[in-house]
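Engineer: Sequence and predicted structure below; questions after.
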Amino acid sequence: MLNSKEYLIQKLTEELEGFKPSPSVYKTGKVVSVGDGIVKAVGLSDVMSFEMVEFHDGIYGIALNLEEDAVGIVVMGDVDAINEGDEVKCTGRVLEVPVSDSLLGRVVDPLGNPIDGKGELKANKFYPVEKVAPGVISRKSVTQPLQTGIKAIDSVIPIGRGQRELIIGDRQTGKTAIAIDTIINQKNEDVISVYVAIGQKRSKVARIVAELEKHGAMKNTIVVMAGASDPAPYLFLAPYTGVSIAEYFMDKGQDVLIVYDDLSKHAWSYRQVSLLLRRPPGREAYPGDVFYLHSRLLERACRRDQKYGGGSITALPIIETQAGDISAYIPTNVISITDGQIFLETDLFYQGIRPALNVGLSVSRVGSAAQIKSMKKVAGKLRLELAQFRELQSFAQFASDLDEDTRKQIERGKRLVEVLKQDQYKPLAVEKQVAIIYAATNGYLDDIEVEKVKEFETALDDYMDTRGKNFASNLKKEANLTEVIEKELKEVIAKVKGEF
């Protein structure tokens, strides 16, 4: 039996005999200045743009400025723990985020770390946050509708899968409400949703998550959150993290909806980071590449050809305007990148018209290609009648005596506006939208008082949910408004009207 001394010698001998030195090589530099979340380092001669660099205690940063004699790094962590003279290491990894199906139903930060208290995420795959957008050859034209469940949008400004549709308007005009209703409507549409909160209050995001859970939409939704109190680099990074997660699902052939709420705050955070990195300011103190900031983000939304895996990313960026000025710098930049915009007007909002959609300034550059045929048919004259109503309404204010045709047109216009009003968190199935819009545009509501139009719509919805289930499924399934379906639709409207 060996005594303790002999045993120790034997163990050490075994360890030394089996020891094979494996030197690890990494490139290091030194921190020369720290301040306002920005670190300047020297000695990192081979560092890449957007490479993750590591400080002590597991604090990471991103190399953004590659200058001749120094590297500008934004710190993704506690900058107060870093001091001049500290060592900084290259990791050789361009910034990436973990992706997997386990992200569904979770709330994560811009680095992909869970912040919802539901435990760790199981992810063995990583996607880079910066990626070249898919080329033209791998794309497919947008023809499949993405139903928002909002009558005013699905009928007048339709959105297709793979489209980029801007939601724009002043503060408190219902921009986020449209996006959340669209996410809720995807729960039965086999579409994954990613909601990116940029600079939003944590309490607001918590309310949104609670609403999504209440309506059963959180199970196929991912929330990426950079809160109002988070440092500017987090806000700058959040949308790129969101679209990388969306690309993971698109690469699997799935359809994804991504909401950026909002890109105004994203531009502000990038301006802050750029000014701290001493990049030369341009118009309104934004750096010269602020257009490229958003274009390289939004170009990643597309519909892929089946040969390239299919799948799509539909982007709904949100931009906040000041006093309705859509000709300001950032709004015009994003308008020129997107495939149309939904403009929400403050005056309409305060008149009780919600969603407060300005039909004149809103547009979808994909148009009726992203509508089912029945909706295309019934919504054809809706936009024109609404536009004419707005013109006649402003004219009628100054006219004491109106001819019969003009008066009828104004009365029908009032009913169309009433039909397009919709409560929050109540997206409507497309077949119900077709039915009520058909009734409104074909004069079936002309003899119903404006105040009772909503009651009639509720009665029509109830009928389609109960006694008219077969008709409702036919209306959706047929897609085209055939003579048989149209005849049945007229009978249903007449029946409901008679009981009403």
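Structural biologist: Noted; the coordinates are in hand.
Engineer: residue ranges with poor pLDDT in this structure?
Structural biologist: Along the chain, the parts satisfying pLDDT under 70 run over 1-2, 19, 397-400, 478-480.
Engineer: can you list the domain ranges for it.
Structural biologist: 25-94, 98-371, 375-499 (the TED database).
Engineer: Out of the ones you listed, which one sits most buried?
Structural biologist: domain 98-371 (a mean of 20; mean count of other C-beta atoms under 10 Å). (Each C-beta comes from the backbone N, C-alpha and C, glycine too.)
Engineer: what's the span of that one from first residue to last?
Structural biologist: Distance between the two ends of domain 98-371: 35 Å, counting by C-alpha to C-alpha, to the nearest Å.
Engineer: what sits up against stretch 71-87?
Structural biologist: 28-34, 37-42, 44, 47, 53, 55-66, 88, 111, 231-234, 236-237, 273, 277-278 (C-beta atoms under 8 Å, 6 or more residues apart in numbering).
Engineer: Regarding the nearest residue to Ile208 once chain neighbours are set aside, what is its secondary structure?
Structural biologist: Leaving aside its sequence neighbours, Ile208 sits nearest to Ile180 (C-beta to C-beta, 6 or more residues apart in numbering; 6.0 Å). At Ile180 the chain is in helix, as set by DSSP: H, G, I helix; E, B strand; the rest coil.
Engineer: show me where the stretch 101-250 of the chain has helices.
Structural biologist: Taking DSSP state H, counting those that start in this stretch as the test, the helices found in the stretch 101-250 of the chain are 151-156, 175-185, 202-214, 232-251.
Engineer: one step back: save the domains of the chain as a markdown table, and put in distance to Ile9 too.
Structural biologist: Output for the domains of the chain, formatted as a markdown table (distance: least, C-beta to C-beta, whole Å):
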| stretch | distance to Ile9 |
| --- | --- |
| domain 25-94 | 34 |
| domain 98-371 | 43 |
| domain 375-499 | 74 |
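Engineer: Now do the same contact list for Lys151.
Structural biologist: 419-420, 422, 428, 433, 436-437.
Engineer: follow-up on the earlier one: out of the contacts of stretch 71-87, list just those in helices.
Structural biologist: 232-234, 236-237, 273 (DSSP state H).
Engineer: Now do Gly288 against Glu455, distance only.
Structural biologist: Counting by C-beta to C-beta, to the nearest Å, the gap from Gly288 to Glu455 is 56 Å.
Engineer: next one: Ile313
Structural biologist: Distance from Ile313 to Glu455, by C-beta to C-beta: 40 Å.
Engineer: before we move on, back to that, residue contacts, the residue nearest to Ile208?
Structural biologist: Taking C-beta under 8 Å, 6+ apart, we find Ile180 in contact with 195, 208, 211-212, 424-425.
Engineer: right, and the pair among those with maximum separation?
Structural biologist: Comparing every pair within the contacts of Ile180 by C-beta to C-beta identifies Tyr195 and Gln424 as the most remote, at 15.7 Å.
Engineer: Ramachandran coordinates for Ile372?
Structural biologist: With angles defined as degrees, to the nearest 10, Ile372 sits at phi -70, psi 160.
Engineer: and it, how many neighbours?
Structural biologist: 22 (other C-beta atoms under 10 Å).
Engineer: my guess is it meets Pro145, correct?
Structural biologist: Yes. The pair Ile372 and Pro145 passes the contact test of C-beta atoms under 8 Å, sitting 6.2 Å apart.
Engineer: Find residues that contact each of these two.
Structural biologist: Contact criterion C-beta under 8 Å, 6+ apart; residues shared by Ile372 and Pro145: Val430.
Engineer: Near the closest residue to Gly112 other than its chain neighbours, how many other residues are there?
Structural biologist: The spatial neighbour of Gly112 that comes closest, neighbours along the chain excluded (C-beta to C-beta, 6+ apart), is Val97 at 3.9 Å. Look at Val97: counted by other C-beta under 10 Å, it has 25 neighbours.
Engineer: Pretty sure Val97 sits against Glu130.
Structural biologist: No. Judged on C-beta under 8 Å, Val97 makes no contact with Glu130 at a distance of 10.9 Å.
Engineer: if you take the average position of the chain, which residue is closest to it?
Structural biologist: Val259 (0.8 Å; C-alpha atoms, centre = their mean).
Engineer: distance of the nearest residue to it once chain neighbours are set aside from Arg207?
Structural biologist: Leaving aside its chain neighbours, Val259 sits nearest to Ala179 (4.3 Å; criterion: C-beta to C-beta, 6+ apart). For Ala179, the distance to Arg207 equals 14 Å [C-beta to C-beta].
Engineer: State the number of residues packed around Tyr7.
Structural biologist: Using other C-beta under 10 Å: Tyr7 sits among 11 other residues.
Engineer: distance between stretch 359-368 and the chain's centre?
Structural biologist: Centroid displacement of stretch 359-368 relative to its chain, using C-alpha atoms, centre = their mean, to the nearest Å, is 18 Å.
Engineer: now swap in stretch 158-173 and tell me
Structural biologist: With C-alpha atoms, centre = their mean as the basis, stretch 158-173 stands 9 Å off its chain's centre.
Engineer: Just the endpoints, please. Distance across stretch 329-346?
Structural biologist: 20 Å.
Engineer: chain center to it, what's the gap?
Structural biologist: 14 Å.
Engineer: Over to stretch 23-31?
Structural biologist: Using C-alpha atoms, centre = their mean, the distance from the centre of stretch 23-31 to the centre of the chain it belongs to is 40 Å.
Engineer: Alpha carbons of it, in PDB - could you do that?
Structural biologist: Taking C-alpha atoms only, stretch 23-31 is exported to PDB below (Å, rounded to 0.1, in the frame of the first residue of the first chain):
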ATOM      1  CA  PRO A  23      -0.400  26.400 -27.200                       C
ATOM      2  CA  SER A  24      -3.300  28.700 -27.900                       C
ATOM      3  CA  VAL A  25      -2.700  31.700 -30.200                       C
ATOM      4  CA  TYR A  26      -4.800  34.800 -30.100                       C
ATOM      5  CA  LYS A  27      -4.300  38.400 -31.100                       C
ATOM      6  CA  THR A  28      -4.500  41.000 -28.400                       C
ATOM      7  CA  GLY A  29      -4.500  44.700 -28.100                       C
ATOM      8  CA  LYS A  30      -4.500  47.400 -25.400                       C
ATOM      9  CA  VAL A  31      -7.300  49.700 -24.400                       C
END
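Engineer: sorry, back to before: which other helices and strands contact the strand or helix carrying the residue nearest to Gly112?
Structural biologist: Val97 is part of strand 96-99, with elements assigned from DSSP states H and E. For strand 96-99, the packing partners by 3 or more C-beta pairs under 8 Å, 6 or more residues apart in numbering; DSSP states H and E come out as strand 125-128, helix 232-251.
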